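**Student:** all I have is the shape, not the residue letters:
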């Protein structure tokens, strides 16, 4: 009995098949069409005993309305690939617009910078900082681009004439010029003739070159420094007596320009000197 019952159950089967489609007629409204065929093997399906095969079918049609927000897509007719394409296209368009706007802004900034940093009136001051734009060519301007008054000093060319009497005053001063031994201190006996040189410089506005020299006694480095200091000492004295410091040049040559032999005491004495040159 149990074997027969199992055999009977094993022979029964049911196969549903069908076809259908949905057509979106409006946003949120679909037309639903379908046709189903069901194949059955059963001894009792139609009330008749025995090994019979049967089938039943039905067709349907209807309207389907989607509830909820119409801005959201319906699952039945939603395509992720199509949606991805649309999204990609929208993003590309947004990116293109953003890039275009950024380029326009950059171009505007470049043009503004060129305008600000330009110099329309060629006065050397950029437009952005030029408080007096449009100044005439060749106008002398200050840092803000505004004209400044320039006082031009008119210097008359005068020829300096040094007379024999002038040279005599200087020669006398040179002859009487004495320093303390190994120092740049001027001895007081030299003041009188130096005062005459100072008065001459003030009166005639001469320029004077002072050149200090030494003999070869001692190191060259020491003598160079001593000769320079003695020339500077004479300059300082003349300035203290009213001479123009900017018109007096003091230089030291040390033992490099002797005028006599350094082998004798008399020659070394002649080499220890400060030369005065009027011009």
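**Tutor:** All right, it came through fine. For clarity, every value in this text was computed on a predicted model and none was experimentally measured. Numbers count the residues shown, from 1 in each chain.

**Student:** show me where the stretch 151-279 of the chain has its helices.
**Tutor:** 164-176, 191-204, 220-240, 265-271 (DSSP state H, counting those that start in this stretch).

**Student:** the residue nearest to residue 194 when sequence neighbours are not counted and residue 62, how far apart?
**Tutor:** Leaving out its chain neighbours, the residue that sits closest to residue 194 by C-beta to C-beta, 6 or more residues apart in numbering is residue 173, at 5.4 Å. Quick note: C-beta positions are derived from backbone N, CA and C, even for glycine. Shown here: residue 173 relative to residue 62, a distance of 135 Å by C-beta to C-beta, to the nearest Å.

**Student:** could you do residue 161 as well?
**Tutor:** On the measure of C-beta to C-beta, residue 161 and residue 62 end up 130 Å apart.

**Student:** tally of neighbours for residue 35?
**Tutor:** 13 (other C-beta atoms under 10 Å).

**Student:** rounded mean pLDDT for the helix or strand containing residue 31, please.
**Tutor:** Assessed by DSSP states H and E, residue 31 sits inside strand 29-41. What strand 29-41 shows for mean pLDDT is 85.

**Student:** quick one: mean pLDDT for the next helix-or-strand element following it?
**Tutor:** Remark: after strand 29-41, the chain's next helix or strand is strand 53-65, criterion DSSP H and E. Here strand 53-65 scores 81 as its mean pLDDT.

**Student:** and strand 53-65, what does it pack against?
**Tutor:** strand 13-26, strand 29-41 (3 or more C-beta pairs under 8 Å, 6 or more residues apart in numbering; DSSP states H and E).

**Student:** let's see that with 6 Å instead.
**Tutor:** strand 29-41 (3 or more C-beta pairs under 6 Å, 6 or more residues apart in numbering; DSSP states H and E).

**Student:** buried set for the strand it packs on?
**Tutor:** Neighbour counts over strand 29-41 (16 or more other C-beta atoms under 10 Å) mark 30, 40 as buried.

**Student:** equivalent analysis for stretch 106-125, please.
**Tutor:** Buried residues in stretch 106-125, counted by 16+ other C-beta under 10 Å: 121, 123, 125.

**Student:** do stretch 241-255 as well
**Tutor:** 243, 248, 250, 252, 253, 254, 255.

**Student:** adding pLDDT and distance to residue 201, write those residues out as CSV.
**Tutor:** CSV is the format used below for the buried residues of stretch 241-255 (pLDDT from 0 to 100; distance: C-beta to C-beta, whole Å):
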residue, pLDDT, distance to residue 201
243, 91, 4
248, 93, 8
250, 94, 14
252, 94, 21
253, 95, 22
254, 93, 26
255, 93, 28
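
**Student:** out of those, who's nearest residue 112?
**Tutor:** residue 248 (58.0 Å; C-beta to C-beta).

**Student:** surely the closest one touches residue 208?
**Tutor:** Yes. If you go by C-beta atoms under 6 Å, residue 248 and residue 208 touch, sitting 5.0 Å apart.

**Student:** start to end distance for stretch 248-265?
**Tutor:** By C-alpha to C-alpha, to the nearest Å, the extent of stretch 248-265 from end to end equals 31 Å.

**Student:** er, stretch 123-143 actually
**Tutor:** OK, stretch 123-143 end separation, C-alpha to C-alpha: 10 Å.

**Student:** stretch 15-35 too?
**Tutor:** 14 Å.

**Student:** quick one: it to chain centroid distance?
**Tutor:** Between the centre of stretch 15-35 and the centre of its chain there are 70 Å (C-alpha atoms, centre = their mean, to the nearest Å).
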